[in-house]
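> got a sequence here, can you model it:
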Amino acid sequence: MGEKSLQKKQHILDTARKIFAEKGYKNVTMKDIVDASDISRGGLYLYFSSTQELLIELLQQEADETDDVFTRKITEEDSAADILTLFLKEQKKELLQKKNNLTMAVYEYSFEAQNKKNSMLRKQFEAGIKVIEKLIESGIASGEFYCENPRGAAENIMYVLEGMRINSQTMGITESMVDEQLLYIMQGLIIE
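Residues are numbered from 1 along each chain as shown. Below you'll find the predicted structure:
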C-alpha cells in the first residue's frame, strides 16, 4: 500500500474512532463513516467491508500502540515492581480518558459476538492476565513480591481493572478512586 493509501486508511480509522467513541458500536453504520470522513462509499469499501472490520482494526492498532509505549518505557534495569507500576499507570490513563474512548463500543461488540469464548474482550483479558502473572512471578524470583498464587493474583487484578472500566462508563470514576484501588493492588504484592 502506497503512502497516500496508508494516509487515507488512517484517516478512515481516525474518523471511525471518533464515531465509535461517540455512538458506541451498534449505532454506527458505514454511512456514518462515509459522511464524517468525506470519502466516497466505494472508497471506504476499498479499505473496510464493515463496521466490525473497522472496530477490530482500531482495537488492534490501539493494542499495538499500547505495546509500543509499554516496551519503549521498560529498560533492563527496571524491576518487576517498576514494570507493574508502569502497566497500572497505563491502565489508569485509559480508565480516566474521556475522549476517543472505545470502551463502550467494545462492550457492545462483545455482547453481539457470536463466539463469546473466543471474543476479542476475552482475548484481551487473558493477555492481560498472562502479562501480570509473568510480572508477579518475576517479582517473586527477585524477592520484590510475595504471592502464593501468581495466576490468581493476576486474575484478581484484571477483574479489579475491568470493574473500574465498567464503573467509568456507567457511574463515573475519579482519579482518587483509581489511585486507591491501584495502591491496594501494589500493597498486596510488595514485600516491605
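> ok, which stretches of this protein are helices?
3-23, 30-37, 41-47, 51-73, 80-96, 103-112, 120-142, 150-170, 175-187 (DSSP state H).
> output these as TSV; include the columns mean neighbour count and mean pLDDT.
(Each C-beta comes from the backbone N, C-alpha and C, glycine too.) Shown next, in TSV, are those (neighbours: other Cβ atoms under 10 Å; pLDDT from 0 to 100):
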stretch	mean neighbour count	mean pLDDT
helix 3-23	16	92
helix 30-37	16	94
helix 41-47	14	92
helix 51-73	14	79
helix 80-96	18	88
helix 103-112	18	82
helix 120-142	17	87
helix 150-170	17	92
helix 175-187	14	93
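> ok, now how distant is Ile39 from Lys123?
In this view, Ile39 and Lys123 are 30 Å apart by Cβ to Cβ, to the nearest Å.
> and Ser40, by the same measure?
Distance check for Ser40 against Lys123: by Cβ to Cβ, it reads 34 Å.
> Gln169 too?
Counting by Cβ to Cβ, the gap from Gln169 to Lys123 is 20 Å.
> and the residue most central in space within the chain, what does it touch?
The residue lying closest to the centre of the chain (Cα atoms, centre = their mean) is Ala63, at 6.3 Å. Applying Cβ atoms under 8 Å, 6 or more residues apart in numbering to Ala63 gives the contacts Gln124.
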